[in-house]
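just coords:
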């Protein structure tokens, strides 16, 4: 592709085949790595040198082969062709334990912890310390406390994993990879569930590892992090290597262009001006334990953003407002008061909610697309007791066309779609109920950049058609890029409103982390009161 | 995008609606018939087959109800006890009104049976949904309750149906229409209605959604309480229909009526291809499963290879094999 050549020429510093100035011997070297599943090649001819004390980022769109590469490097799959060598000696990993044994640890993207066990139990799962065949609990607890302190994770080693926050679970998972002196630590999208200060803490841990001489392989969708951290960046596209570049040589836009392989149109659509007509007004919304006394007004044609850290209560607030959790609020829709006690009543009133968790709460992954599409609109869509199959098929064809859902056949199951296409299907599903207010929680989580741009365009089109939209997101750039206004929440309360030029990352972060200290909540449990 | 642009030829199966889970039970049924014929040619005689299938009708009818419950993500262990309880109440009611109402006692008794079954199912459903108790525990509890109640009502003995009604009621089990035994016709009718409800009606869609993923159903505005409770009510009504067919066969209610039926019912559903964890229900597969169970029992009686005392053991082996096949076909 000419883009590649262009950027390489511009920078004049592309590193063919990943040959760094040979300062140190690579701790891990992959040569000509390929992987086929049946007739499908998912990764072909990848060559990498991983040096000690270096942060090497791998970027690429969903499906570019990043996960496959990680699986090959950490023993979860074996390459079809190509070789791995460590410190010059060829190695093969048939199982993850063998890779671990050789000094390669993988921090998974998903949280894979046993919730009913303690933090210590999880850290040592499968490699418990023992003395004379009896588990040495005290030694494990001591070591666990030490490692947790080292990465600034505030949980007690004896806490049950089910009682600690999502962010802390991620840190525990990272601590697992630090228990032994691994030579290579692979992070697969480590910041996907983290926000603000938690991300900073993670980046610090990564830098610590580098200082300690560990080689770090870092996979992320967040190009700003890559830009900040990486000594080297390897770009994958369609299962092939585009190239390896020095981290300082690429801007975020360069990275995006290399990933996509073409010029990107502007990511965010032009903002339009909302009308002054109120569409949804919420007064004194309280979701016990999560949000208190939240009031706001959403106008026709407006995209209103909700920012805040994970645990600020944004998702819970809106789940409360649409009847998925116990809540109290005075809600007016187009000036008329409505009472909502269940998701059904919310849908009937004209409020649609897209969950942040599309895989386990949004779609039936084992079902075909048509039943998924009409599930929220069964009553409206099939007015009699009997299903209207042809109407359903027509609706699906229409949704596939207008939301550009890419699929091989109309008979695929929802779980076989890529993340971006699943999100489009979910959007189509909610809009089939013809809502006047659409609440979208994390519209682009885990979605590649081309699909992101499309989702933004759809949101823009939704408000353009006389509806109004609320976007909850942990990506500040996204909120700033598409919203007319941003409300910031902290510990269950609104801490501020930003619009126009005030909408900057630093203002959002300030309000999200250190706004006026809110009063403790009435029914929040001990963590709020202490 | 890279994921989607691959060659479209590899996944044609998505269009073809048939999977091993769909045809498996019927292939197994066919294989069993062939094996049976080879072992003992009498096996395929019309009389023997009609007998066997008639006997499997109770389990088939109850198992069709269980397909609803299991598809919606529930489980009902109380069906055997419930069948005994409904049978007992029905016979007692018929006997009580027979001196005054004569033969009208029979249809009135049938209505009572349906009503009692419906209420038993409603009770199970409400305990599970409103009470938020695990279906396994909740129906284990009602299983004990129904069984104890019928034992108490019969005082540990049997309640025979009134002599004046016996002859008139007989044909419900022993009669034929167009040469086909009535219980077979009833079970086919029940299965036909059930498959229409599960596959062609909105309720079936909701039922499968609730069973496949409760959260997705809730977030889609589907009432889990309503959907699952209805499934238990359907189960109760199916038990009642089976009980109505069963009364003339024994002519009495006893405390041991319907013992271990829950095992056979769940086995039939699982052999039929419905996953125990919920999701899509396979009504006709369930019916095939019930027939398979009875055929195997019959085959063991007709042949001399295995003692008929081992029938339950063989059925136990079958449910385990069926689960293994499901596991195997899921992980491809």
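In hand now; what should we look at? Since the model is a prediction, treat every value here as computed from it, not as a measurement.

Identify each buried residue in the helix or strand where residue B:326 lies, please.
Following DSSP states H and E, one finds residue B:326 within helix B:311-331. For helix B:311-331, burial by neighbour count (16 or more other C-beta atoms under 10 Å in any protein chain shown) applies to B:311, B:315, B:318, B:319, B:322, B:325, B:326. In short, each C-beta sits where N, CA and C put it, glycine included.

now that helix, how far from the chain's geometric center?
Between the centre of helix B:311-331 and the centre of its chain there are 18 Å (C-alpha atoms, centre = their mean, to the nearest Å).

Then stretch A:218-226?
Between the centre of stretch A:218-226 and the centre of its chain there are 11 Å (C-alpha atoms, centre = their mean).

So for that stretch, mean pLDDT?
Mean pLDDT, stretch A:218-226: 84.

who touches that stretch?
The contact list for stretch A:218-226 (C-beta atoms under 8 Å, 6 or more residues apart in numbering or on different chains) reads A:55-59, A:66-67, A:70, A:186-192, A:199, A:203, A:206, A:229-230, A:233, A:247, A:252, A:255-256, A:446, A:448, A:477.

And that stretch, what's buried?
Within stretch A:218-226, the residues scored as buried using 16+ other C-beta under 10 Å are A:218, A:219, A:220, A:221, A:222, A:223, A:225, A:226.

tell me which of those residues is nearest to chain B?
Here the nearest of those to chain B, counting by C-beta to the nearest C-beta, is residue A:221; it sits at 15.2 Å.

From residue A:419, how far off is that closest one?
10 Å (C-beta to C-beta, to the nearest Å).

shared neighbours of these two, anything?
Residues touching both residue A:221 and residue A:419 (C-beta under 8 Å, 6+ apart): A:446, A:448.

Now do the strand or helix carrying residue B:128: distance to the chain's middle.
Take DSSP H and E as the rule and residue B:128 turns out to sit in helix B:105-129. Relative to its parent chain, helix B:105-129 has a centroid offset of 16 Å by C-alpha atoms, centre = their mean.

Stretch A:249-262 too?
That offset, for stretch A:249-262, works out to 20 Å (C-alpha atoms, centre = their mean).

Same question for stretch B:71-79.
Offset of stretch B:71-79 from its chain centre (C-alpha atoms, centre = their mean): 11 Å.

ditto for stretch A:167-186
How far stretch A:167-186 lies from its chain's middle: 19 Å, per C-alpha atoms, centre = their mean.

What residues sit buried inside it?
So for stretch A:167-186, counting by 16+ other C-beta under 10 Å, buried means A:167-179, A:182-186.

Pull out whichever of the residues you listed are also neighbours of chain B.
Among the buried residues of stretch A:167-186, no residue sits close to chain B (C-beta under 8 Å from any C-beta of the partner chain).

Inside helices: which ones of those?
The helices, defined by DSSP state H, take in A:167, A:168, A:169, A:170, A:171, A:172, A:173, A:174, A:175, A:176, A:177, A:178 from the buried residues of stretch A:167-186.

Quick check: closest non-adjacent residue to residue A:131.
Nearest residue to residue A:131, sequence neighbours excluded (C-beta to C-beta, 6 or more residues apart in numbering or on different chains): residue A:139, at 7.9 Å.

pLDDT at that neighbour, what is it?
What the model reports as pLDDT for residue A:139 is 85.

could you say which helix or strand contains the one residue sitting closest to the centre of chain B?
Nearest to the geometric centre of chain B sits residue B:63, at 1.3 Å (C-alpha atoms, centre = their mean). If you go by DSSP H and E, residue B:63 is part of helix B:46-71.

quick one: buried residues of that helix?
Neighbour counts over helix B:46-71 (16+ other C-beta under 10 Å) mark B:48-49, B:52-71 as buried.

who touches residue B:294 in this structure?
Here residue B:294 is in contact with B:52, B:53, B:55, B:56, B:59 (C-beta under 8 Å, 6+ apart).

and if we set it to 10 Å?
Residue B:294 makes contact with B:51-60, B:264, B:268, B:311, B:315, according to C-beta atoms under 10 Å, 6 or more residues apart in numbering or on different chains.

OK, now which residue of the stretch 151-300 of chain A is nearest to chain B?
Closest approach between the stretch 151-300 of chain A and chain B, counting by C-beta to the nearest C-beta: residue A:238, at 4.3 Å.

what does the model give that residue for pLDDT?
80.

is it true that it touches residue A:65?
Yes: with contact defined as C-beta atoms under 10 Å, residue A:238 counts as touching residue A:65 (7.7 Å).

What is the burial count for residue A:70?
A total of 21 residues lie near residue A:70 under the criterion other C-beta atoms under 10 Å in any protein chain shown.

That one - that's part of a strand, no?
No: applying DSSP: H, G, I helix; E, B strand; the rest coil, one finds residue A:70 to be helix, outside a strand.

re earlier: mind checking the pLDDT average for the helix holding residue B:326?
Summarised as a single mean, pLDDT over helix B:311-331 is 77.

can you map out the strands along the stretch 201-332 of chain B?
Applying DSSP state E, counting those that start in this stretch to the stretch 201-332 of chain B gives strands spanning B:252-253.

what does it have sitting close to chain A?
Counting by C-beta under 10 Å from any C-beta of the partner chain, the positions of the stretch 201-332 of chain B adjacent to chain A are B:201-206, B:208-209, B:211-223, B:275, B:279-280, B:330.

Now a PyMOL select for only the buried ones of those residues.
Selection of the buried residues among these in PyMOL, burial being defined by 16+ other C-beta under 10 Å:
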select buried, chain B and resi 201+202+203+204+205+206+208+209+211+212+213+214+216+217+218+219+220+221+222+223+275+279+280
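
Narrow the residues of the stretch 201-332 of chain B next to chain A to those in helices?
B:202-206, B:208-209, B:211-212, B:214-219, B:330.
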